[in-house]
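In: coords please:
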Amino acid sequence: MGVMIYKSRLQWAEYIASATSRHFFGVGLKSFDSISLKTRVTLFMLVIFVAGIWALSLYSSRILRDEMQQMLGEQQFSTVSAVAGELSNDLRDRTLSLEAIAKQLTPSVMADAAVLQALLEQRPLLPLLFNGGVWVARADGIAVADIPRDTGRIGTNYSTMTFIANVLKEGKTSISPPLLGKKRQTPVIALAVPIRDAQGRVAGVLTGVIDLDKSNFLDKITQNHYGRFGGYVLVSAKHRTVITATDKSRIMEVLPAPGLNPWVDRFAGGYEGSTIAINPKGTEVLVSGKGVPDAGWYVLATLPVTEAFAPIESMLAFVCRRSCIHRSGLCFDVVAGHPHAAWSTCAHASGQPRNFQPGQQQPSDGGSTCGPPRRDW
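Out: As a prediction, this is how the structure comes out:
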């Protein structure tokens, strides 16, 4: 008989745990008045106890989530900082290479287009650094030399492009925003350095082009995911435009205008750190950002919060599920008139033998410090 009662209690516990509160109380509501006061008090205390367990679980998960966010954020920021540093070094190497060649472009070389073309072709390192080619324009902005030759840039006037105009006017190295190339109409970014004459005046522009549609040095970050579903995004802060990303479809994506997304505004304004934010696609993500100051860019590493905090959610679901099944079994014991079975389960959960009965003398060597309940509960 005891075994049958125990099996019946488990079956009812699972049923009650999976049912809604309406189903749980549906049968007993009409006869609730017939339940004794002691049983009502016991049920009430069980409800309070279950609510306390769930509240404690929620509170614990909140604390754990905050601590986990801080830890994951620090790890993510460390990773994105290393990526930004590597990008900065790669850009510096390419800029120094262009500046070194620009110093070789003397007025006599600039005056002879054939000599200028030959000089560029004799630099095999340039195509490796700039997969979109390299070209030279004179002070009027018209290209006079170009590698590879089949790009058709010679004779094109680039003075209307803002970053070229800035180099000609200010004599400073400039990096373009992501834009469509004039000839091939593919997304590119360009590095432009001034060419100076003997008096130090700007006599032209040497420009290296990086074709974002082809394999390039930026792929070292975009080819990798962050976690399973996260990734990286490289953004031009001033132009609020995506240069490249793990999701290649985002290349040249224009980010929300100022005032529409506060965290886009903060990162574009120079913020460096980690936070939880809604990305432009409406997904809640753990995101860390680090600037690339030389280029006016910043790098983001993103990870969906559903992935970042999946272990916590699984733990909370497990605790709530087990608590619901266990406490529902106790409720059934009380309602079905088996308070001693309920006490046996409680005693086992608290470390006492399952055959421990209310009123039984407690062992003196260890055990719970709380006395047993009254015999008549």
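In: so who does Phe309 touch?
Out: Arg65, Met68, Gln69 (Cβ atoms under 8 Å, 6 or more residues apart in numbering). Bear in mind the C-beta positions are built from the backbone N, C-alpha and C, glycine included.
In: what helix or strand is Val287 on?
Out: strand 284-292 (DSSP states H and E).
In: downstream neighbour of that strand in the secondary structure list?
Out: Next element after strand 284-292 (DSSP H and E): strand 297-304.
In: doesn't Ile251 make contact with Thr241?
Out: No - contact criterion Cβ atoms under 8 Å: Thr241 and Ile251 do not qualify, at 9.3 Å.
In: which neighbours do the two have in common?
Out: Both Thr241 and Ile251 are contacted by Pro178, under the criterion Cβ under 8 Å, 6+ apart.
In: could you give the angle of the lengthiest helix in the chain to strand 284-292?
Out: For the chain, the helix with the greatest residue count under DSSP state H is helix 37-102. In terms of direction (axes from the mean of the first three to the mean of the last three Cα atoms, to 10 degrees), helix 37-102 departs from strand 284-292 by 30 degrees.
In: that older thread, got the CA positions of the strand holding Val287 in PDB?
Out: Provided in PDB are the C-alpha atoms of strand 284-292 (Å, rounded to 0.1, in the frame of the first residue of the first chain):
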ATOM      1  CA  GLU A 284      20.000  42.600 -27.500                       C
ATOM      2  CA  VAL A 285      23.700  42.000 -27.400                       C
ATOM      3  CA  LEU A 286      26.700  42.100 -25.200                       C
ATOM      4  CA  VAL A 287      29.000  44.500 -27.000                       C
ATOM      5  CA  SER A 288      32.500  45.900 -26.500                       C
ATOM      6  CA  GLY A 289      34.100  48.700 -28.500                       C
ATOM      7  CA  LYS A 290      37.700  49.900 -29.000                       C
ATOM      8  CA  GLY A 291      38.800  52.800 -31.200                       C
ATOM      9  CA  VAL A 292      41.400  52.800 -34.000                       C
END
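In: how about it: buried residues?
Out: Val285, Leu286, Val287, Ser288, Gly289, Lys290, Gly291, Val292 (16 or more other Cβ atoms under 10 Å).
In: how about the strands in the stretch 201-350 of the chain?
Out: Assigned by DSSP state E, counting those that start in this stretch, the strands in the stretch 201-350 of the chain fall at 202-211, 231-236, 241-245, 273-278, 284-292, 297-304.
In: and the longest one, what does it pack against?
Out: With contacts taken as 3 or more Cβ pairs under 8 Å, 6 or more residues apart in numbering; DSSP states H and E, strand 202-211 sits against helix 37-102, helix 107-111, strand 134-138, helix 162-170, strand 187-196.
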